[in-house]
Every structure is written in C-alpha cells, then in structure tokens.
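A.B. asks: Here you go, sequence then predicted model.
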Amino acid sequence: MISLAELTRRIEQGEISPDAAIAQSLAAIDAAEKTIGAFVSRSESPRAQASGPLRGIAVGIKDIIDTVDLPTEMGASIYRGHRPRADAPVVMMLKQAGATTVGKTTTTAFAANDPTATLNPRNHDHTPGGSSAGSAAAVAAGMIPLALGTQTAGSVIRPASFCGVAAIKPSYRLLPTVGVKCFSWTLDTVGLFASQVSDLAVALAAMTGRPALRLPEAIAAPRIGVVTQDFAGAPDASGAEALRIAAQAAERGGAAVRELSLPEIIAEAWRIQPVVQDFEAHRSFAWEYRENYDAMPPLLRGRLDDSKDVTAAQYDEAIDIAGRARLALAEAFGDVDVLLTLSAPGAAPKGLSSTGDARYNRLWTLMGVPCVNVPAYVAEGNLPVGVQVIAPFGADARALAAARFVEMALAKL
C-alpha cells in the first residue's frame, strides 16, 4: 500500500515531484484495476496541484459523492450518466488542500445492500465489504493513498476491516455531507481510507484545517475499555481472535486495559438503530421509491418494502432512546480514554452476494462518535480482520492517537 504520510514527506523534501507521485498512482491503477474493479469512472489526464499539504496525493471519491468533472451514478441505473453542477464540499476540502481526484470508486447501489462486482485485493473469492467497496479495495490494492467513503451503519469500518486498511469514521458532521446522496440524515458520515493510522491523521488534518488532528510525536499509553457488544451476538472465531490479540498487544505496550460493561440504554440504542435508518431512508428515497420503483436496486427496494409501516411515533421514540444513550456513553468514558471493540464479526465472507454484517458498527454510527479501524489479525485465506478504536464525540484526535498506539503495539508482536 502507499503511505500518504511518507509520500507527503518525500514531496515536501523534494525527493519526488507531485506530478511524479500522481503518475505512480495512475500506473498502479492501470496495473490492478482490470482485476479488482475498484473504480466506476476515472479522471481524464489528472494533474497534481502546485501547492497544498496534499499536493501529489491521488484520491478516489465514493460514487455517491458529487463531483463536477465526473458522473455521480450512485451504483444505480436510475442515475446513469448523472452529472452534478458542483463538487460536494468534502471534495472541495480535498482540492483546497492540494489533493487530486483520479476517479470515482464503486459503491453498492445507493450505499445500501446490493453489492458491487469489486473484488477483495486480499482474496478475490471474498467480498471487499460495502457499501464503500471500491474505496477500501483501491487503497488495499496499492492503487491510491487515500479514498473517501461514507458510513450509515458500517460502510467505512467494515470494508476497511475486510480489506486490511486503516479507516476513520469521524465524529458526526466533522466532514460535511452536503452533496452526498442521503440515506439517513441522522447517521450518514463521510470517512477516509488509507494505509495506516498516521496517513488518516495527516489527511484529515489537512482537509479540515485542524492541525490538532495530527499525531503527537510521543503518544501516551491510553486507558482502554474492551467492549464485546454482547447485545449484538457472538462474533466469529476470527473476530474474537482479532480483539484478543489487539487488547493483549496494547496491554503489553503499556496501556491500561480492562473489560467495560455498557449500560442497558446503549444496548437498546443498538436495537432501535434500524428504525432510525429505515424511517429516514423512506424520506430520502421517496422519489426513487415512488417514481422509479421497478428500477430500484432489488435488495434496497425489498428493504423499503419491509419497513414502510414504521410510524413517526416509533421513530420519535427511537430518536429519544438514541439521545439518552449518547449521554450514557459519554459517562461510560469517565474511567477510560477509548473503547476497543470489533470492526466486524470476523473475516470477509466468501462470495460477492453479500457485503457482510454491520451489527458491530451500527451502534457507534448512531452515537456519532469517532471510530478508527486498525488491522489486527490475518485469518486463514489471507483475510484481514480489524478492530475499532472509539473515542468520545468530538475527540477525533484522541481516537487517532490511541489507534496509532494499538497499531504500533500490534507491529511489535
């Protein structure tokens, strides 16, 4: 994989020109794309910008995010050939930081359940995850150093786990979702994929203009609460092993590690998350569902069929539970700095008919807290399994630093 942090260092020191860095990524895409299928469209003759902290950095944009110079088709026939009039703000944030868009990455249709044909670079017989399939796969295959994705339940953290890359789902609304096809306005979050945690920190700091997000030179050993999410069911053996190994590595590295039980209201929030997501999806996809029913992707259409009777009263109750759970979660951080939990039930499932299960992700998206995937274990079949480091709302710098601590501790095993 391409290290963004290392590449920006080399550019700053004059070891490689921004144009040469872009050319390297384009060559890597040419070499791997025919096999992996991570891109749905590519920019014509992309060039490096002359200035900005991310000059020379090639970026892939998930194809539900508006771009002025490339179609935004959302993986759906309804929007084939759709050309937005403007870049989404998050795309402009990257451009203003000097990055170069080199293409749109594949997404499951409308970032929902209907899978793409993108292959997992680690094992082509297994799913890369979804919905941000192309973004995770493009970084994992060494095509590009940075990609944008989105998460409504588990669409950043889970594919990062399956493909073996670092990723962050930042705090809710740290990155704007204007110009991103809405699924659920309470949940939708733009996130980043990169090779390592340090790459995420450099990119997120540059595009947001928040230097505090960069990693400190010395990272203090965090207090870690291990959360098994029993309310979400038992993980696969590979998921349990990844969490065990990561917790053990962190403890050996000097972190204070202990298991943490969460209050019942948080388990209740996990249970009602689908109510929030599906109720809002009916409003977000009202035009597509009513006016283009037969052209809707079949799995999403069936999901909307099954949830059309969710009432406003049920939704209001779910929103109330979510609010109370957020307060309880904030209190749960009183004795720990971060949480450590599963990124996915286990390794990527075989086949491309499913993108995997988001049951270990959806709570944290509803809570709006920053989550960072760290690859922790490689299961049989060269299949990566990650863990996620979670910090309180707004503490994205803490999440990144603690994730880097876990990443470094794992590297010493």
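C.D. replies: Here it is on my side, so go on. Numbers count the residues shown, from 1 in each chain.

A.B. asks: Report how many residues lie close to residue 218.
C.D. replies: 6 (other Cβ atoms under 10 Å). Where you see a C-beta, it was placed from the backbone N, CA and C, and this is true even at glycine.

A.B. asks: Show me what the host helix or strand of residue 104 is packed against.
C.D. replies: Using DSSP states H and E, residue 104 maps to strand 100-105. The helices and strands touching strand 100-105, judged by 3 or more Cβ pairs under 8 Å, 6 or more residues apart in numbering; DSSP states H and E, are helix 18-36, strand 39-42, strand 58-62, helix 89-96, helix 133-140, strand 146-151.

A.B. asks: one more time with 6 Å
C.D. replies: Judged by 3 or more Cβ pairs under 6 Å, 6 or more residues apart in numbering; DSSP states H and E, strand 100-105 is in contact with strand 39-42, strand 58-62, helix 133-140.

A.B. asks: Quick one: residues contacting residue 149.
C.D. replies: Neighbour list for residue 149: 62, 132, 135, 156, 191, 193 [criterion: Cβ atoms under 6 Å, 6 or more residues apart in numbering].

A.B. asks: quick one: the host helix or strand of the last one to chain centroid distance?
C.D. replies: Per DSSP H and E: residue 193 is located in strand 189-194. The gap between where strand 189-194 is centred and where its chain is centred comes out at 4 Å by Cα atoms, centre = their mean, to the nearest Å.

A.B. asks: most packed of the helices and strands packed on strand 100-105?
C.D. replies: helix 133-140 (a mean of 34; mean count of other Cβ atoms under 10 Å).

A.B. asks: Mind listing residues that contact that one?
C.D. replies: Under Cβ under 6 Å, 6+ apart, the answer for helix 133-140 is 36, 38, 60, 62, 105-106, 116, 118, 121, 128, 144, 147, 149, 159-160, 163-165, 193.

A.B. asks: Find the nearest non-adjacent residue to the residue nearest the centre of the chain, please.
C.D. replies: Central residue of the chain (Cα atoms, centre = their mean): residue 156, 2.0 Å from the mean position. Once flanking residues are discounted, residue 156 sits nearest to residue 191: 3.7 Å by Cβ to Cβ, 6 or more residues apart in numbering.

A.B. asks: if I read this right, the one you found contacts residue 166, doesn't it?
C.D. replies: No: using Cβ atoms under 6 Å, residue 191 is not in contact with residue 166; the gap is 10.8 Å.

A.B. asks: What about residue 322, how many residues nearby?
C.D. replies: Residue 322: 23 neighbours (other Cβ under 10 Å).

A.B. asks: then the helix or strand where it lies to CSV, C-alphas only?
C.D. replies: Applying DSSP H and E as the criterion places residue 322 in helix 312-332. Listed next in CSV are the C-alpha coordinates belonging to helix 312-332 (Å, rounded to 0.1, in the frame of the first residue of the first chain):
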residue,chain,number,x,y,z
ALA,A,312,-43.5,8.5,13.1
ALA,A,313,-44.2,7.6,16.8
GLN,A,314,-41.8,4.7,16.6
TYR,A,315,-39.2,6.9,15.0
ASP,A,316,-39.6,9.6,17.6
GLU,A,317,-39.2,7.1,20.4
ALA,A,318,-36.0,5.7,18.7
ILE,A,319,-34.6,9.2,18.5
ASP,A,320,-35.3,9.7,22.2
ILE,A,321,-33.5,6.5,23.1
ALA,A,322,-30.6,7.5,20.9
GLY,A,323,-30.3,10.8,22.7
ARG,A,324,-30.3,9.1,26.2
ALA,A,325,-27.8,6.5,25.0
ARG,A,326,-25.4,9.2,23.9
LEU,A,327,-25.5,10.8,27.3
ALA,A,328,-24.9,7.4,28.9
LEU,A,329,-22.0,6.6,26.6
ALA,A,330,-20.3,9.9,27.4
GLU,A,331,-20.5,8.9,31.1
ALA,A,332,-19.0,5.5,30.3
